[in-house]
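Asker: build me a model from this:
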Amino acid sequence: MSTPKSPTTVIPLPDLIDVQNHVSPHTIDIDKVGVKNISYPIVVMDKFNGTQHTVARINMYVNLPHRHKGTHMSRFIEILSEYRRDVSLQKIGPILEETRRRLHAHSAHLEMTFPYFIDKEAPVTKARGLMEYICNITGALYEDGRLDLVVGITVPITTLCPCSKEISQVGAHNQRGEVRVQVRYRKFFWIEDLIRLVEVSASCEVYALLKRQDEKHVTEKAYANPMFVEDVVREIAHRLSQNDNFTWYSVESENFESIHNHSAYAYIEK
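Answerer: Predicted structure coming up:
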């Protein structure tokens with residue numbers, strides 16, 4: 001005859017003190033408080049392949065009134081987890097709205113930085129290789145419902161020095177540079193198109209894979225198209241200004257000089 005089992009005793013969880021909701025001793029509001037450097041998979045629109053899966057570094061913040069001692073950090077991760085299968089650019093608005101609502105905040109902010117890859121052909125041999133570009137998205141949602149989105153890209157380029165070409169009997173020094181563009185916009189645009197706008201504004205673009213025939217081509221192309229960093233930012237700014245989809249932009253170009261122990265730099269904001 002079996003011994004009857006004792007009924008399971010349910011031990012209630014104690015009510016834990018929510019220190020974050022205590023009143024701060026200082027009457028000072030905080031503009032942004034939250035979590036940084038979260039590594040998370042996202043999906044972005046790909047002009048040639050439909051979508052592209054990548055991994056972003058994500059920062060999330062809200063404002064914090066002085067009446068609260070702290071914010072609830074775990075809720076940021078909870079919100080990301082709820083969107084785990086659909087953390088895409090199109091979902092930034094809903095994610096920010098949920099963040100603002102869940103944390104009872106007037107404003108919510110999200111920053112994403114991620115690598116984006118384009119399968120790029122060499123100019124002569126058409127050899128293919130994956131080029132990496134760094135993209136960043138910054139979003140903010142405010143109490144009045146205003147959503148502010150800024151898209152940024154970092155594009156490697158080649159420049160050849162006009163001064164060096166002018167004063168040298170043979171050759172001219174060139175260098176690899178980096179252009180960083182940020183834009184506000186009215187309607188959807190392709191990241192690839194913005195990257196292309198930057199690449200055609202330099203002495204020559206950069207490739208992942210070049211054979212000898214390609215090296216000859218890009219060397220001669222850069223030599224025929226010398227540009228200072230000043231020329232690069234002006235050319236990009238001119239092209240952006242011709243597109244009424246962009247309501248604001250900033251352009252910065254940095255050359256990692258090949259014969260100087262410093263970088264050359266230029267910046268335009270419009």
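Asker: what ranges do the helices span in the stretch 151-270 of the chain?
Answerer: Secondary structure of the stretch 151-270 of the chain by DSSP state H, counting those that start in this stretch: the helices cover 162-167, 191-199, 212-224, 229-241.
Asker: residues of the second one that come out buried?
Answerer: This means helix 191-199. Neighbour counts using 16 or more other C-beta atoms under 10 Å place Ile191, Glu192, Leu194, Ile195, Leu197, Val198, Glu199 of helix 191-199 among the buried residues. C-beta here means a position set from N, CA and C on the backbone, and glycine is covered the same way.
Asker: tabulate those residues in JSON lines, adding columns for distance to Asp29 and pLDDT.
Answerer: What follows is these, written out as JSON lines (distance: C-beta to C-beta, whole Å; pLDDT from 0 to 100):
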{"residue": "Ile191", "distance to Asp29": "36", "pLDDT": "95"}
{"residue": "Glu192", "distance to Asp29": "41", "pLDDT": "97"}
{"residue": "Leu194", "distance to Asp29": "36", "pLDDT": "97"}
{"residue": "Ile195", "distance to Asp29": "39", "pLDDT": "98"}
{"residue": "Leu197", "distance to Asp29": "40", "pLDDT": "98"}
{"residue": "Val198", "distance to Asp29": "39", "pLDDT": "98"}
{"residue": "Glu199", "distance to Asp29": "44", "pLDDT": "98"}
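Asker: which ones are touching the spatially most central residue of the chain?
Answerer: Against the mean C-alpha coordinate of the chain, by C-alpha atoms, centre = their mean, the closest residue is Asn136 at 0.6 Å. Contacts for Asn136 were tallied using C-beta atoms under 8 Å, 6 or more residues apart in numbering; they are Glu111, Met112, Thr113, Phe114, Val151, Gly152, Ile153, Gln182.
Asker: continuing past the helix or strand that contains the third one, what's the next helix or strand?
Answerer: Secondary-structure assignment from DSSP states H and E places Thr113 in strand 108-121. Scanning forward in sequence from strand 108-121, with DSSP H and E defining helices and strands, the next element found is strand 128-141.
Asker: got any ranges where the protein has weak pLDDT?
Answerer: Residues of the chain that meet the criterion pLDDT under 70 lie in 1-14, 16-27, 70.
Asker: show me where it has strands.
Answerer: Taking DSSP state E as the criterion, the chain carries its strands at 30-46, 50-64, 108-121, 128-141, 147-160, 174-185, 204-205, 246-256, 263-269.
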